[in-house]
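J.: fold the following and give me the result.
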Amino acid sequence: MVVSMFQIILELPETGSIKDKRRLVKGLCERLRSKYRVSCAEVDLNDSLRWAQLGAALVSNSKEHGETVMRKALETVEIQAGLRVHDMQVHSEVFD
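T.: Numbers count the residues shown, from 1 in each chain. Below is the predicted model of the structure:
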């Protein structure tokens, strides 16, 4: 079993309230869930208006497949209007 995951820090310059930020993050996570079948959540920077840290994970039987899906999901985040990517990491763990 292989668990592939990504962590990303986003700048959200257009959010004026925590409610706006949560709506934006929730919509992004829903898109990633429906398009790539990954688990996604805001994992840190919850009270910040301008920053969000998201994490996503996928369980598969291949490290290559998992990391490919994670990179495609990151591309989707990068082209999202109004979001600036400041840091991203992709990682896989293999469990025997």
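J.: residues contacting the residue nearest to Ile18 when sequence neighbours are not counted?
T.: Spatial nearest neighbour of Ile18, excluding adjacent residues (C-beta to C-beta, 6 or more residues apart in numbering): Leu49 at 6.6 Å. Bear in mind the C-beta positions are built from the backbone N, C-alpha and C, glycine included. Contacts for Leu49 were tallied using C-beta atoms under 8 Å, 6 or more residues apart in numbering; they are 12, 15-18, 21.
J.: where does Val43 fall, secondary structure wise?
T.: Per DSSP states H and E, Val43 falls inside strand 39-44.
J.: and that strand, which residues are buried?
T.: Under the neighbour-count criterion of 16 or more other C-beta atoms under 10 Å, strand 39-44 has 40, 42 buried.
J.: ok, longest helix in the protein?
T.: Looking across the chain with DSSP state H, the single longest helix is helix 18-36.
J.: related to what we said a few turns ago, the residue nearest to Ile18 belongs to a helix?
T.: No: per DSSP: H, G, I helix; E, B strand; the rest coil, Leu49 lies outside any helix segment and is coil.
J.: on that earlier part again, which of the contacts of Leu49 tops the neighbour count?
T.: Across these, neighbour numbers were computed from other C-beta atoms under 10 Å; Lys21 holds the maximum, 23 neighbours.
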